[in-house]
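>>> Model the structure of this input:
(4 chains)
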Amino acid sequence: MRITCPNCGERDRREFYYQGDALALTRPAPDAGPHAWDDYLHNRDNPAGDTQDLWFHEAGCGAWIVVNRNTVTHAIDDTRLAATVKR
Amino acid sequence: MVKLLSRSPCADLLPCTVGTITMSEVLLDRVMSVAPFAGQAKPTSAALKDQIGLGLSAPGRAVSNRRARVVWAGQRMWLVAADVSLDGLAAVTDQSDAWAILRIEGEGVEDVLARLVPIDLRASTFKGGHTARTMLGHMSVGITRVGAQAFEFMAMRSMAATLVHDLQVAAENIAAR
Amino acid sequence: MRLQDPQSTVSFTFDGRRYRGVPGEPVAAALLAAGVRLVARSFKYHRPRGIMSAGSEEQNALVTVGRGPQAEPNVRATVLEVSEGLEVFSQNAWPSLKHDAMAVNDLMSPFLGAGFYYKTFMWPKPFWEKLYEPVIRRAAGLGGLSGKANQDRYEKAFAFCDVLIIGAGPAGLMAALTAGRAGADVILADEDTAMGGRLLREVEDVDGQPGPDWAAETIAALSAMDNVRLMTRTTVTGAYDQGTYGALERIAGLRRAGKPLECFWRIVAKRSILCAGALERPIAFPNNDRPGIMMASAVRSYVNRWGVAPGKAVTIFGNNDDAHRTARDLVAAGVKVAALVDCRDDVQVDGDFPVYTGAQVVATKGRRALERITISHAGGTRDIRTDCLAMSGGWNPTVHLTCQMNGRPTWQADIASFVPTPGNVPGMVTAGACNGAFSTAACLKEGAEVAAEVATGLGLKPKVTVPSADDSAYRISPLWAVPGQGRKWIDFQNDVHVKDIKLAAQENFRSVEHMKRYTTQGMAPDQGKSSNVVALAVLADATGRGIPETGTTTFRPPFVPVSIAAMGAGSQGKGFAPERLTTSHCASVARGAPMIEAGLWYRPSYFPQQGETHWRQSCDREVRYVRNAVGVCDVSTLGKIDIQGPGAAALLDFVYTNTFSTLKVGRTRYGLMLREDGHVMDDGTTARLGEQHYVMTTTTAAAAQVMRHLEFTLQVLRPDLNARIMSVTEQWAQFAVAGPRSRDLLNSVLDDQIVDADWPFMACGAVDVAGVQGRLFRISFSGEHAYELAVPARYGDSLFRLLTAQAESYGGGAYGMEALNVLRIEKGFTTHAEIHGRTTAFDIGMDRMISRKKDCIGRTAAARPGLIDDDREQLVGLKAVGAVKQLTAGAHLFAQDAAPERVNGQGYTTSVAYSPTLQTGLALGFLKRGSARHGEVLRMVDHLRQIEAMVEVCDPVFFDPEGGRARG
Amino acid sequence: MRYSGFRVIKEGFFGQKGWKPVWRDPDPKPEYDAVIIGGGGHGLATAYYLAKEHGLTNVAVLEKGYIGGGNVGRNTTIVRANYFLPGNSEFYSHSLKLWEGMEQDLNYNVMHSQRGLINLFHSDGQRDAFARRGNAMINQGDDAVLLDTDGVRKILPYLDFENGRFPIYGGLYHPRGGTARHDAVAWGYARGADQRGVDIIQNCEVTGIDIEGGVVKGVQTTRGAIKAKKVGIVVAGRSGQVAQMAGMRLPIESHVLQAFVTEGLKPIIDHVVSFGMGHFYISQSDKGGLVFGGDLDFYSSYAARGNLPMKEHVMDAAMTLMPMIGKARVLRSWGGIMDMTPDGSPIIDKTATDGLFIDCGWCYGGFKAVPGSGFSFAHLMATGRHHEPAAGFRLNRFRDGVGLMDEEGTGSQHNLH
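You can find the predicted model right below:
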């Protein structure tokens, strides 16, 4: 598997750390309530198909990357730096 | 009066030659990390240009002149081999002792590196002055092409022995073919 | 029998007997030349087996090569190259290949049908592990491992190209030529020792010259291109995501010390062209497994390429025109054709040998090698004396790689086989026989055309020129299983025959996956390369379905088996993970310190002195150094992260539970870091070096995790924070200097004297050591008056030697991890033994450290009801108060009168030490409602070490609870 | 039809003609008392225990493909009861007891082999953590022995005790741990359920769950609508998709875990060996193949196949731990879809919909749980009450933080368990 790092170009998956769903980008307010936090920390859409997740180019440039990926085919159609993603 | 003796990361390990491949340690007196603050990349680059004659290099590129070198080192991060003063523009840390820097050269060096480095180092793709943060074996390293058949690695100082060992074994395997 | 005298031969042995062979030819060829027919025993019934194929798909001729640690089991004799002194052994036979005691299984075979073992061996219950299973295990298996550590070298490598061409037969060569000439970076990989594929094994002309000559010329042309890389002996074994391929190279040349045997390649290609050819499939007829019965294409390979006749009187049995080609080649080579048996009625064959059309082989004879066959045809049955039967059931395109990413192949009725479904592997196209194009002309043409399309797609301008060659059509009439008595083998390797598959269908294992798993068809070392299509044709017939409807099982990597040593090359011994050495490593080793792993680091366990015979003696002494004088310990392995910028304080306030924006410059504070789920992630001290400049310390174990966490915070959660972080762990060599004499020691090495007034507890700042600028932190992990002194790492070795020498002059010295652990337990300081990922700030008595005035990571989740429940297990100290003074970590706690069972569990111990200071055993542990139970006496039970002790619950800070020693 | 050695011999004499289908292939009925979605190990075991323990036989198991085609047919076959947290401990202990009587109960040889399992440790800290685990196992009534280096050397002499990257300090030995023939477990439960009247319906994919007024009414399938009073979802890696049909969002991320088998070899590894430092575990099948695996590929996936970096990592671990394995060759590698939860422990619970139950989140530990899970889920479905050993596997434990069972201590990131 190869992932295109916006800084470094296409790299082998072994350079990356996988975090999980990109919903991590939208952290609830402290007072959002137990359900909102449960959804943020635990519950997942977990789609069999297109998803958006977070990877860290740990053995590379150190960028956190938002990856649009298909969980069935492993095709990747877009990657962006998390730091520049509008939220 | 006490006196502290200096010891380089690859002392006792380098230089060494295996077949056509030679490895040697590169000693840089000063290496600073430079991480421009938000919106300060351009002023930082300008200040560097003033001080050492080189600005920040593009991602994946290393530039040098007689006084200094600037090597892109990751997301919002450069390593500058020179003393610099960038107060308020960038986070600067002293990294002069943090890295084992190794030069490897000789005929077939790309074959040796192909044993360990998971990126495309073909001369057509990874040209002179290109640099990358990647892996060597299980280690995180920086690699820069410094000649047609010469590369420089930067690895964590504590891993110097593994760095040299892994490259030696790869070179031996190539030589044995 | 050799057809011509070879130029030179070498000698090798098979089961201890010496044979001669031509260097580089397969051992199978040399054995056939020597008239050796019986080479192996089958897996289940130990039936005599011979050589069946001439390639990596071989089912029968598996042998062991070499002895001792070099012994390699299950090597295909059809691929293994002959070399001087090579030692080859048969396997799975005892006492000898000829007289194999386990052949008794064959007599028992009526009772050992598919899945028989699921229906018996259930009683008596303990007999499975004690009797049945050991017997089954010993009978099963093929070759054996030596049990000795590998001594050979293997390697792994990466390669990159525009186009990877898999297989260098006519299609692959043309593809490489076309793509190479267009300027693409090409890798052409082929598993054979020489490129050319079937051109080397058939008698055919290409462009008016013999196939092998055309191949040689083409290979020479490719070799001359800088942009083409030729890899022989290299099997592409797997197709993975985004154009990554795995490939196994058997490195050419003789075995030599220091030379790798194999290289596992990771090839990244923008596009790939599969030109993997096709594999001939057998026909299921009674007793079709005798030595001497082989694939027709293999017979041609041995005759045409290796100059070896596999028999003296060869019969050919087929359902397609390749049977006739075999007869033609044998006759041309001067080998007698005993008969040609073609199951088709409507074929015309010319030749000076008996021809039977509309005929089938219905019986074979010969105990250890084929002697006779019986055929049935319109005129009745007939016996034929023959020592070699060449069979051809047609060809299966080698579609495997196209199906490794979950794609399925497509049934093509006219060739009675599966062909690749386009697009199954992104970036991969197929050409030639693997695509169902079987004539040489079609292969050449497809190879060129497909490569031209690929090159065009890469922005190149290819030219297509196709040489002329044979273009005869492939005519086949499907024949899967011949009717008649006797077992008709389908999967020769796992001994699965037609009746097994029918039994599976009868018992409702009708899904092709069920049939496979029930009969084990396709699960042997060849993974059903030759047997799958026949098997599912038989299953389709037995279940009344068509073949496409029956479907295939899943194709999985690797295409050919890959040695673990190749895929794990470089990791044997220490190569599994990098070794991190501190700057004091040499000095510590020189002092005799046993070095122990701490994550990737090595740290000294203790520094033994003369007369000390047990580690506890050294440890106790080192503890006393610190409590009574001064000790020195390398703490460089702790993570150090530099944090700068206008948002630095806000970042720390967000990642720590407590507040760092209020910390004064020149001061250090202990910080507690939570995961977002509210549990403790890590702890450490952070110093404020400037208004916008901090340096954070992490534990050794969590350094990388914390770095990632901080980047996550800055880039993902809070990109608004204008701060930058950089690891400075490697830059600084840092030493703890701890004990009542620590200040004195420092003053003996620092350029400027320090005084307590300027350097109160938790102060930090710059100091000079022999003109070298360093950093000093007055922090303590021992509870003593202590400092940590950091200098640039180049001076670490020198400073460590200096500090320990000075410490010794004050009655102290170096201390290692054992003493460090005792010191921190005496003080009740936690490590990852306590903050093990399930503990909360509440559990370790630090809930008050969660600031209510600000948000921080983990704050909300830490307030979940379950995480602050009073009933939780909380950190306590435990002192041995009974007769047994020895406490152990990992023991469980119970009320004194309660049975030591789960339902009565009250808690457990995490860290233990013998305290030389308090002269008793101490433990830290977690206890339900622990903080409210100080003074209670409990029973500590360690079933494993058979230790029970009475312990008194107390505050975790055993020593100097007021902290006066550290602050003073 | 009863299986026995006598029967095998008799059929041998009569050309195997008397063997009957191991399970029937009935058409779905319009209505059942209970429908189990998912014909894997857990689903089939649930149906079996519904029939056997609760007399509920008007039951259908709906399988979208062939039974046993999911994780029960693609795991590394390890059976053990070596958990240490309350909630897990008693559950796996119960499950292992069911394993120990399974063959006689089912009259089917699943080749459950209690050959012993050794978890190696490589530092003092790890030893202490394993001691806590071993003591918890004994507290629960299971077996555990703490071995030192020499103790390990005696039973696993082929490990690299001298040069390995992480020296072997010892191991936690679990004599009752072992392996079983995975497919046989599915077939054995299918046969047992079928014999008690359960309809096993293959090639029947559930496409919708019918709910009216908060009460489940049945399911929509590719073979038509089926009414049911109770519906149990037991679909492992596909739990998210099926639960979505009932409007649920689960605390689950599906991940790929790879496994490997070598060519057949004569007996060489007699135990199950687990090397935590390298995330590697291995045993040898009765056929002779070395069966082994490692960690997740770590990215969420439904592809049931993995990539090279994790394969290499597994081989790397094998080579540093037991370098005698080098010349064994990997024959096949595959992947399964793991339903990973935020604490690494499973879910057996009711849902917000009356009559709808869910059994999921087995991460990569589902195989050994097959009998226990089936037993406990059947108990819950039949009685509406949680079976005591599985009472901790609640859905709401994440939201409330009550009774989390995080054996790895890695927190709420799904793929770290």
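
>>> how far does stretch D:344-357 sit from the chain's center?
What separates the centre of stretch D:344-357 from the centre of its chain is 18 Å, taken as C-alpha atoms, centre = their mean, to the nearest Å.

>>> Which residues of the stretch 651-800 of chain C lie near chain A?
When proximity is defined as C-beta under 8 Å from any C-beta of the partner chain, the stretch 651-800 of chain C approaches chain A at C:E676, C:D677, C:A704, C:R708, C:E711, C:F712, C:L714, C:Q715, C:V716, C:L717, C:P719. Where you see a C-beta, it was placed from the backbone N, CA and C, and this is true even at glycine.

>>> What's the separation between the last one and C:G243?
As defined by C-beta to C-beta, to the nearest Å, C:P719 lies at a distance of 33 Å from C:G243.

>>> Equivalent analysis for the third one, please.
When C-beta to C-beta is the yardstick, C:A704 and C:G243 sit 30 Å from each other.

>>> And these two? Which one has more around it.
A direct count of neighbours by other C-beta atoms under 10 Å in any protein chain shown for C:A704 and C:G243 places C:G243 higher, at 22 against 17.

>>> In three-state terms, label the residue most central in space within chain B for me.
Residue closest to the average C-alpha location in chain B (C-alpha atoms, centre = their mean): B:M154, at 3.8 Å. Counting by DSSP: H, G, I helix; E, B strand; the rest coil, the backbone at B:M154 sits in strand.

>>> can you tell me the helix or strand for the residue lying closest to it once chain neighbours are set aside?
Once flanking residues are discounted, B:M154 sits nearest to B:G142: 4.0 Å by C-beta to C-beta, 6 or more residues apart in numbering or on different chains. B:G142 belongs to strand B:139-147 when assigned by DSSP states H and E.

>>> what is the mean pLDDT for that strand?
Averaging pLDDT along strand B:139-147 yields 98.

>>> repeat for stretch C:662-671
Averaged across stretch C:662-671, pLDDT comes to 98.

>>> same question, stretch C:752-762
Per-residue confidence for stretch C:752-762 averages out to 97 on the pLDDT scale.

>>> contacting residues around that stretch?
By C-beta atoms under 8 Å, 6 or more residues apart in numbering or on different chains, the list of residues contacting stretch C:752-762 from outside reads C:667-669, C:685, C:743, C:746-747, C:765, C:767-768, C:776, C:778-780, C:787, C:966-967.

>>> Can you give me the end-to-end span of that stretch?
Counting by C-alpha to C-alpha, to the nearest Å, you get 19 Å between the two ends of stretch C:752-762.

>>> Tell me if D:A47 really is in a helix.
Yes. The assignment for D:A47 is a helix, going by three-state DSSP.

>>> could I have the biggest helix by length in chain C exported to CSV, CA atoms only?
Once chain C is assigned using DSSP state H, the helix that runs over the most residues is helix C:440-457. Listed next in CSV are the C-alpha coordinates belonging to helix C:440-457 (Å, rounded to 0.1, in the frame of the first residue of the first chain):
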residue,chain,number,x,y,z
THR,C,440,3.2,-18.4,-30.1
ALA,C,441,2.1,-15.8,-32.7
ALA,C,442,-0.8,-14.6,-30.5
CYS,C,443,1.6,-14.4,-27.5
LEU,C,444,4.1,-12.3,-29.4
LYS,C,445,1.4,-10.0,-30.7
GLU,C,446,-0.4,-9.5,-27.5
GLY,C,447,2.8,-8.9,-25.6
ALA,C,448,3.7,-6.1,-28.1
GLU,C,449,0.3,-4.6,-28.3
VAL,C,450,-0.4,-4.6,-24.6
ALA,C,451,3.0,-3.1,-23.9
ALA,C,452,2.3,-0.4,-26.5
GLU,C,453,-0.9,0.6,-24.8
VAL,C,454,0.8,0.7,-21.4
ALA,C,455,3.6,2.8,-22.8
THR,C,456,1.2,5.2,-24.5
GLY,C,457,-0.6,5.5,-21.2
